[in-house]
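# for reference, the sequence and a predicted model appear below.
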Protein chains: 2
Amino acid sequence: MALPNGLAAAPAADEELGVLQQPLLLRRSQSNTTSQIAIVGSNPCPIESLDYDLIGFFNNLAVENIAGTKFVVTSNMMLAGKFMVAFLVFASSNLGLTLFASLITAFIAPEAAGSGIPEVKAYLNGVDAPAIFSLRTLLVKIIGSICAVSSSLNIGKAGPMVHTGACIAAILGQGGSKRYGLTWKWLCVFKNDRDRRDLVTCGSAAGIAAAFRAPVGGVLFALEEMASWWRSALLWRAFFTTAVVAIVLRALIDVCLRGECGLFGKGGLIMYDVTSENISYHLRDVPPVLLLAIVGGLLGGIYNFLLRKVLRLYNLVNKKGIFYTIILACIISISTSCLLFGLPWLASCRACPSDASEPCPTIGRSGNYKKFQCPPGYYNDLASLFFNTNDDAIKNLFSKDTDSEFHRSSMLTFFATCFFLSIFSYGIVAPTGLFVPVIVTGAAYGRFVGMLVGSNSNLNHGLFAVLGSASLLGGSMRITVSLCVIILELTNNLLLLPLIMLVLLISKTIADVFNENIYDIIMTAKGLPYLEGHAEPYMRQLTVSDVVTGPLQIFHGIEKVGNIFHILKHTGHNGFPVVDEPGFSASPVLFGLILRDHLISLLKMKAFSQNPTRLGPDAFLQFSADDFAKKGLGHGDKIEDIELTEEEMEMFIDLLPFTNTSPYTVVETMSLAKALILFREVGLRHLLVIPKVPDRVPIVGILTRHDFMPEHILNLYPSLVQSRWKRLRVRFPQLSIFI
Amino acid sequence: MALPNGLAAAPAADEELGVLQQPLLLRRSQSNTTSQIAIVGSNPCPIESLDYDLIGFFNNLAVENIAGTKFVVTSNMMLAGKFMVAFLVFASSNLGLTLFASLITAFIAPEAAGSGIPEVKAYLNGVDAPAIFSLRTLLVKIIGSICAVSSSLNIGKAGPMVHTGACIAAILGQGGSKRYGLTWKWLCVFKNDRDRRDLVTCGSAAGIAAAFRAPVGGVLFALEEMASWWRSALLWRAFFTTAVVAIVLRALIDVCLRGECGLFGKGGLIMYDVTSENISYHLRDVPPVLLLAIVGGLLGGIYNFLLRKVLRLYNLVNKKGIFYTIILACIISISTSCLLFGLPWLASCRACPSDASEPCPTIGRSGNYKKFQCPPGYYNDLASLFFNTNDDAIKNLFSKDTDSEFHRSSMLTFFATCFFLSIFSYGIVAPTGLFVPVIVTGAAYGRFVGMLVGSNSNLNHGLFAVLGSASLLGGSMRITVSLCVIILELTNNLLLLPLIMLVLLISKTIADVFNENIYDIIMTAKGLPYLEGHAEPYMRQLTVSDVVTGPLQIFHGIEKVGNIFHILKHTGHNGFPVVDEPGFSASPVLFGLILRDHLISLLKMKAFSQNPTRLGPDAFLQFSADDFAKKGLGHGDKIEDIELTEEEMEMFIDLLPFTNTSPYTVVETMSLAKALILFREVGLRHLLVIPKVPDRVPIVGILTRHDFMPEHILNLYPSLVQSRWKRLRVRFPQLSIFI
C-alpha cells in the first residue's frame, strides 16, 4: 500500500482533522478546537506575496542585465568586425552560464531541474516528492534559472517562477527551514496540511503573476492547471496574493521607469503592448484564423509527442551518471550558441525602411532592426529574432506596423529552430520553463501564417503572432480560460478576445485527440502518481474489495510497545486500523485509524505504561498539541531513530486517545468509481473498507492513492485494458505502438 | 427530514449513480453502464449557446429601441416646449410598461420576479425551488425584463439574463417542455442530475457573457459566485459556451455597425471604452483611491443592510395579496418617473463647452449634453444622467475628458437618488437585476470622489467612476476575480488593473465585517436552504448522532405493496434504507438506499409478484433505463396519482434489484463537521448513519441537507448560539437587535 518511488502522500482532509479532533473525547468542550479554527479562518496567503514580488522582480532584472550585457558586448565586437571573437565570447559566456546552472542543479538540488510546475501540481494533488520544497531547492532554482535563461537557451522563466513561489510558500508554511536554522515561531500556526496546500496554491498563482505581470491570469492558472481542490476562500486568498504582487510590481516598475534598473525594460504592467487603435475584423478574416488554430493544435500535439520522446531519451542519459547529464547540458548550450550565431548569416541584409519608427539598424541591446554583419543602412531580420532575449523576440514578433520587416524564409527558419531547440532544451539538468519557448515558437508560427495570408486579411502580422502563440499554447498546455486572460494581460488587447477564444477552443480540441497535456506527460515521465478527478469507465465495473490488497496490520486498543515497534519497522504503511478486542466490548469493533507519525511520536516520547490500562480523557494532559503537529516536509522522525530498551518493549500504550475515531469508511461492495469520488473530493489519504455483513472482522482493508491508480488496477485485471480504450477520446491503437 | 417550503433537493452525486449502478449485480458486465458513460463524456454545453446569444442580443436590441423611442418622443415634446405633456407621456409609458411586466409576473410566473441569480445559485447548490426553470418562467422573464428595463426603473438586465440562460439550459437538459409539447428526443441524453447541473452552470456563464459582452468574466462569475461544485471539465465547457457567445455576438454587432439595428448602440464587444492612451498613476494617487475603496466598502455594507430591510417590508406587502404587490410596483414606477423628470429641474443650465467633442446640446437619444429645459447653447448636466437609459448614463460617467461636464451637487443628487431608487426597485414583482444599478450608483459615487479630489490626482474622473463602480460592486456582491475581469472587459482598460484589484480587495474586506453578500441575503429572505461549503465551528463539537432525528422508516428486502404505498403517502422522505431480515442473512444487514422516485415508478408499473420471492438479476429485463431516469423538474409522478386495488396491496415487490447497494455512510460518532465535508464535497442528498457497535439495528438514521442547516442545529442546541459568534467575522451583538 506504500507509494512507489519513496513518495509520501501529502495533503489530506482526514489527517487534518486528526489527533486533535476527537469528537468522542472533546465533545462540547471547546478547549482544543478553537485555536485550530482561528488558524483556519485566518488568511495565510498575503504574508508572503512581497517575497514573490521581490524575487520575481529581481529575477527579471538580473536576466535582463546579464543577457543584455552579453548582447551589448558581442554587438560591439561585431560592430568592430571581430566576428570570430564575438562568437567565442558569446558561446563561452553561454556555456559558462549553462555549466554553472547545471552544476549547482546536479550536485546541490537535482529536484530543481525542469519546470517545477508538474511537481507542484502533483503536490497539490497529494503527492509529496522528497525535497521539492526545501530551501536548497529554492536557492538553486532562483540562481539556476537566472543563469540558464541568461545563457540564451531556449527556455523560460515562468515555470521556475511558479516553483519558486510554491517553495517560498511551503517553507513559510512549515515555519522556515529547520535545517538551516531559519525558523519563525509565528509561522508555526500553518502547521497543518490544508493551510500549507492553500499557501502553495497561492504561491504558484503569485509565480505566474510575477513572471508575466498577469495577476488575474495567475489566479486562474493556479485554479485551472495547478489546484486539485478548490474552494471559494482559496480563490479570495489567491486573489489577495496576486493583487499585492500586482500593486508592488507596479510600484517597482515605477522606480525602473526613472531609469534606475540598468538595462531592464520599460512599460507598465503590460509586457507586450500590441494595441492598435482600430482593430476591425470581419467574416473573411475567420478562415485563415481557423486554419491557424487547426494547424496550431496539430503542432501542439506533435510538440507534446516529441517532448515525451526526448524526455525518455534524456532519462536514459541521466541514468548513466551525473557526468553525462552535465555533458548533455553543455552540448545543448554549444549547439544553441552555434545556431543563434550561425543562422543569421544565412539571411540576406535588408535595407532599412525610410519610415521606421525607431533607429535602424539598432546599435545596442534590443530593438527591431539588428545590424549584425550588415553594412550601415541595412539590417539582418533573422538576427533581430535570434540575437536577442526571448522577451525581446516576442516583443518584435507581436509588434504592429512591422509587416514588411521580416522575410518569409527567416520566419520559417526561426520557427523551426525554436520548435526543436525548445524541445531539446527542456530536459537538461537546470531550471527550465516551457511557457516562454512555446510563446516564441507560436508567435513565429503565427506570423508566418500571417505572411502567407498576406493582404487577404485585415489583421496585421503582430496580431497573427498573438493568435499563433495562443494556438500553440492551447495545443500543448491545453489550458483555456487562464491562457485567455494571461494573453490579454500580456498584450493589452481586448478587442482580439473572441478570436483568441476561438483559437484556443479549436487548438485544444484538436490536440486533445492525440495526447494529454504537457504537464501530465512530464508527470508520467517522472513517475508522479497523479490522481485524476474523474473515474475511468472500467472502475464502475469493479468493487473496492476487488482492488484492496493485504496483508492488513491491525493494532489493538491497548497495544504492546514491542508490537508497534516491529510493525512500524517492517511495513511502510502510513495508517493502521485500531480494533477493539472482545474483552472491552461485546464484539470486535473498528475503533478508528492511527497514523504512523503519531505512533512514532508516542514511541519517541515514551508515553508507556506498565499495565494494559485505559488512560481516559486525561491522556492528553502530558502532551502538547505541537507534539502531534504535522512536521515540515521531510523533517518527520523515522522509526529507525528510535531506540527502546528490552523493558520498554514489554510495556503498553493505550492507543485509543490518539486514534482518529471517525475515519471515512466505505462498504466493500461499493463500486470503485464511487469510492474514488469520495477519496478524491474529500482529499483523503486512507479510506477504510468495512465488510457488508457485520459478523466478521470489522475491517476488510485500507484503500490508499496507490489502489486507485489506473496502472495498479490494470495490472490486477489485465482484461480491463481493452475497455480502457472505450473512452470518448479518439485513440489509434496502431499509434500506441510508437508512443 | 423533508425540506421546508416544499422545496425538493436537486443535484446529487449518489443518485446519479443510482439505479443503474449496481456493482453487485452488474459487475463486469458492460451492459447498462457504457451508455451512461458516453453521456457523461459528451459536451452538453455548446448546443445552447446560440440561443443565449440571440436572446441576449435581441433583449438588448428591444430595450434600446423601446427606451430610445420613448426618450426621443419625450425630448421632441420638450423641444417644442410642451413640458407637461412630455412628463405625462414619459410617466404613463413607464407606468404602462411596469404594469405590464408586473401583471405577467404576478399572474403567470411569480418565480420570474427578482434577479434570479439567488435561485440559480441555490439550484446549483442542490435546492430545487418549484418551477424556477419552467418555460412559463422563461418567457415571462424575457418579456418582463425587457419591459421593466425599458420603463426607466433603476433595475438591471444582467440578473434576468443569467436566469434566462439557466432556464434555457435546464429546459434543454430535460428534453424540452413536456407541458407545452415542445420535446426533443435527442436531448433526453441529459436526463441525469450532473449533466443538468453542468448545463445550468454554463447557462449562467452565458447569461453574464451576453449581458456584459464579457465572455471570460462570465465563466469566472459562474465559477466564483454561482457554482457550488466545480471540476475542470466544467470549466472547459463553460469556456466553450461563452466563446461561442462571444463569437456570435461579435458577428451580430458587425451587422449592427452597418446601421441595421435601429437605435441600438455602436462599438464592438466592449461596452464602455474608457482607454485613455497614457494613463500613469503614481504614489500620490493611491491615498484617494484607498479612501474611495474604504467608503465604497462601507456603502456596500449599508446597501446590503437596507436591501434586506426593504425586502422584509415588501414581503409583508406581498403577503396581503396580489393587488397590493401590483400597486407597489406602480407606486415605484410613478415615483421613479417623477424623480427622473423632476430632479433635473433643480440643476442650473450650464453653457456648452467650446471644445466639446460632440454636438452640444444633444438633440436626440443619447449623448453627453442633454438639452432638457435649457435654452440653445446650454445643457442640463443632471438630465444627461437621469434622462437616459442606465447604459448611457454609465457611458457618460465612465467617459474621459469630461471632467468639467458635471457639477458636484448634480453628481451627489444622482448618486443618492440611484442608491435609494435601486434598493426600492429591486423587490417589486417583475424581473429585476442588481448589477447595473450598482454599477451606475458606484460610478456616480466614484466620480463624486474624483471631483472632491480634483487636481490632486492624475486620474481623470472617468477612471474614478470605474473605480467607484468596482468598490460598490465589491462591497455589495463580494466577488473579486470575476468582477475584475468583467470590469476589464466592460471598459477595455488593463492599465487600471492593479488599482481595481486594490479597490476590490479593500471594499470586500471592509464590507465582509458587516454582513453577507447580497445574494446570500436574498436567498435567506426567500427561505432557500443554501448549504455552505465550510463547517461552522460549533459543528466540530457535535457528532452526527446529535442531529439525526427520527422516526426512521425502513423497508425490507421484499416488501408488501401496501406498506410501501402507505409509507410513501404518509411521509415526505425522499430516501429509505433497505434492511435485509434475518431470514435471508445471518443478522440484519443494511442493504442500501432506495429512492422515493424509484418506488413510485415501481408502483406505477405494477411490477408486483404474488409471493415474497427474489427476482435476481433478471429483474431489469422488464424495465428500460428510461423508466428510472430523472424526470424533468416538477414533472415527477406523485404518490397521489397512483391507484391500487385491494388485491394489489397484498402483493410483494423485491426491492433489492432497485436499491442503491452502496450508499455513502458515516459512523454515528463522526463529528458533524467531517460529515458535512463528505456531504457537501461529494454532493449528496442522503447520508446514511451507521452504528459504531454492530450488534444493533444496522442503521441509525439518514442525514439530509436539512440536518446540516445552521438554523436546524441551533434550534436543537440553543446553547451553541453563543459559540456561533466566535467566528473571525467581527459582529456587534448590539447591532443584531436592529438587523
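Good, I have the coordinates.

# now do the host helix or strand of residue A:679 against helix B:672-682, angle only.
Using DSSP states H and E, residue A:679 maps to helix A:672-682. Note on geometry: by axes from the mean of the first three to the mean of the last three Cα atoms, to 10 degrees, helix A:672-682 and helix B:672-682 are set 120 degrees apart in direction.

# show me which residues of the stretch 451-600 of chain A sit near chain B.
Within the stretch 451-600 of chain A, the positions near chain B by Cβ under 8 Å from any Cβ of the partner chain are A:480-481, A:484-485, A:488-489, A:492, A:494-495, A:497-498, A:501-502, A:504-505, A:508, A:533-534, A:537, A:540-543, A:585-587, A:589. Where C-beta positions appear, they are placed from N, C-alpha and C, glycine not excepted.

# selecting buried members of those in PyMOL, what would you type?
A single PyMOL command is used to select the members of those judged buried by 16 or more other Cβ atoms under 10 Å in any protein chain shown:
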select buried, chain A and resi 480+481+484+485+488+489+492+494+495+497+498+501+502+504+505+508+534+537+540+541+542+543+589
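
# of the residues of the stretch 451-600 of chain A next to chain B, which belong to strands?
Residues of those located in strands (DSSP state E): residue A:589.

# just to revisit the earlier point, which other helices and strands does the helix holding residue A:679 contact?
In terms of contacts (3 or more Cβ pairs under 8 Å, 6 or more residues apart in numbering or on different chains; DSSP states H and E), helix A:672-682 is packed against helix A:544-547, strand A:665-667, strand A:687-690, helix A:705-708, helix B:672-682.

# give me the contact list for that helix.
A:13-14, A:228, A:531-533, A:535-536, A:539-540, A:542-544, A:546-547, A:664, A:666, A:684, A:687, A:703, A:705, A:708, A:713, B:13-14, B:17, B:21, B:662, B:664, B:677-678, B:681-682 (Cβ atoms under 8 Å, 6 or more residues apart in numbering or on different chains).

# can I get the CA coordinates of stretch A:644-660 in CSV?
This file holds the C-alpha atoms of stretch A:644-660, laid out as CSV (Å, rounded to 0.1, in the frame of the first residue of the first chain):
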residue,chain,number,x,y,z
LEU,A,644,13.9,1.2,23.0
THR,A,645,15.2,-1.0,25.9
GLU,A,646,14.0,-4.6,26.3
GLU,A,647,12.0,-3.5,29.3
GLU,A,648,10.2,-0.7,27.4
MET,A,649,9.4,-3.2,24.6
GLU,A,650,7.3,-5.1,27.1
MET,A,651,5.3,-2.1,28.2
PHE,A,652,1.9,-0.9,26.8
ILE,A,653,0.4,2.1,25.1
ASP,A,654,-3.3,3.0,25.2
LEU,A,655,-3.8,4.0,21.5
LEU,A,656,-7.4,5.0,21.8
PRO,A,657,-7.0,8.6,22.8
PHE,A,658,-4.7,9.1,19.8
THR,A,659,-6.9,7.4,17.3
ASN,A,660,-8.9,9.2,14.7
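
# in that stretch, what's buried?
By 16+ other Cβ under 10 Å, the buried positions in stretch A:644-660 come out as A:644, A:651, A:652, A:653, A:654, A:655, A:656, A:657, A:658, A:659, A:660.

# okay, those in a markdown table with pLDDT next?
Supplementary listing: those in a markdown table, determined by pLDDT from 0 to 100:
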| residue | pLDDT |
| --- | --- |
| A:644 | 84 |
| A:651 | 88 |
| A:652 | 88 |
| A:653 | 86 |
| A:654 | 85 |
| A:655 | 86 |
| A:656 | 83 |
| A:657 | 83 |
| A:658 | 85 |
| A:659 | 87 |
| A:660 | 87 |
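
# rewinding a little: out of the residues of the stretch 451-600 of chain A next to chain B, which are inside helices?
The helices, defined by DSSP state H, take in A:481, A:484, A:485, A:488, A:489, A:497, A:498, A:501, A:502, A:504, A:505, A:508 from those.

# can I get the CA coordinates of the helix holding residue A:679 in CSV?
Taking C-alpha atoms only, helix A:672-682 is exported to CSV below (Å, rounded to 0.1, in the frame of the first residue of the first chain):
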residue,chain,number,x,y,z
LEU,A,672,-14.6,1.6,-7.2
ALA,A,673,-15.7,4.7,-9.1
LYS,A,674,-17.9,5.8,-6.2
ALA,A,675,-15.1,5.2,-3.7
LEU,A,676,-12.7,7.2,-5.9
ILE,A,677,-15.1,10.2,-5.9
LEU,A,678,-15.2,10.1,-2.1
PHE,A,679,-11.4,9.7,-1.9
ARG,A,680,-10.7,12.5,-4.4
GLU,A,681,-13.3,15.0,-3.5
VAL,A,682,-12.7,14.9,0.2
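
# so which residue is dead centre in chain A?
Centroid-nearest residue in chain A, with Cα atoms, centre = their mean: residue A:117, separated by 1.5 Å.

# dump the residue contacts of that one.
A:159, A:162, A:163, A:204, A:225, A:226, A:434, A:519.

# next: residue A:249.
Going by Cβ under 8 Å, 6+ apart, residue A:249 touches A:53, A:56, A:57, A:209, A:210, A:213, A:269, B:498.

# reformat the buried residues of stretch A:644-660 as CSV; add secondary structure and distance to residue A:133.
What follows is the buried residues of stretch A:644-660, written out as CSV (DSSP: H, G, I helix; E, B strand; the rest coil; distance: Cβ to Cβ, whole Å):
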residue, secondary structure, distance to residue A:133
A:644, coil, 32
A:651, coil, 38
A:652, strand, 38
A:653, strand, 33
A:654, strand, 36
A:655, coil, 31
A:656, helix, 34
A:657, helix, 32
A:658, helix, 28
A:659, coil, 30
A:660, strand, 26
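
# could you point out the helix or strand that follows the helix of greatest length in chain A?
Using DSSP H, we find that the single longest helix of chain A is helix A:286-319. Next helix or strand after helix A:286-319 toward the C-terminus (DSSP H and E): helix A:322-342.

# could you check the angle that following helix makes with helix A:286-319?
In terms of direction (the same axes, to 10 degrees), helix A:322-342 departs from helix A:286-319 by 140 degrees.

# which residues touch helix A:322-342?
Contacts to helix A:322-342, defined as Cβ under 8 Å, 6+ apart, come from residues A:86-87, A:90-91, A:94-95, A:98-99, A:101-103, A:106-107, A:151-154, A:314, A:317-318, A:386-387, A:417, A:421, A:424-425, A:428-430.

# what's the ChimeraX syntax to select whichever of the residues you listed are buried?
The ChimeraX selection below is limited to those of the contacts of helix A:322-342 classed as buried (16+ other Cβ under 10 Å):
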select /A:86,87,90,91,94,95,98,99,101,102,103,106,151,152,153,154,314,318,386,387,417,421,424,425,428,429,430
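
# which residues of the stretch 601-739 of chain A score low on pLDDT?
By pLDDT under 70, the low-scoring segments of the stretch 601-739 of chain A are A:616-621, A:624-626, A:629-636, A:694-696, A:722-739.

# and the buried residues of stretch A:644-660, which is closest to chain B?
Checking the buried residues of stretch A:644-660 against chain B with Cβ to the nearest Cβ, the nearest one is residue A:660 at 9.6 Å.

# I'd guessed that closest one sits against residue A:593; true?
Yes: between residue A:660 and residue A:593 a contact is recorded at 4.9 Å, counting by Cβ atoms under 8 Å.

# contacting residues for the residue lying closest to residue A:503 once chain neighbours are set aside?
Nearest residue to residue A:503, sequence neighbours excluded (Cβ to Cβ, 6 or more residues apart in numbering or on different chains): residue A:293, at 4.3 Å. Listed by Cβ under 8 Å, 6+ apart, the contact set of residue A:293 reads A:467, A:471, A:474, A:502, A:503, A:504, A:505, A:506, A:507, A:510.

# having no further points to raise, I will conclude here.
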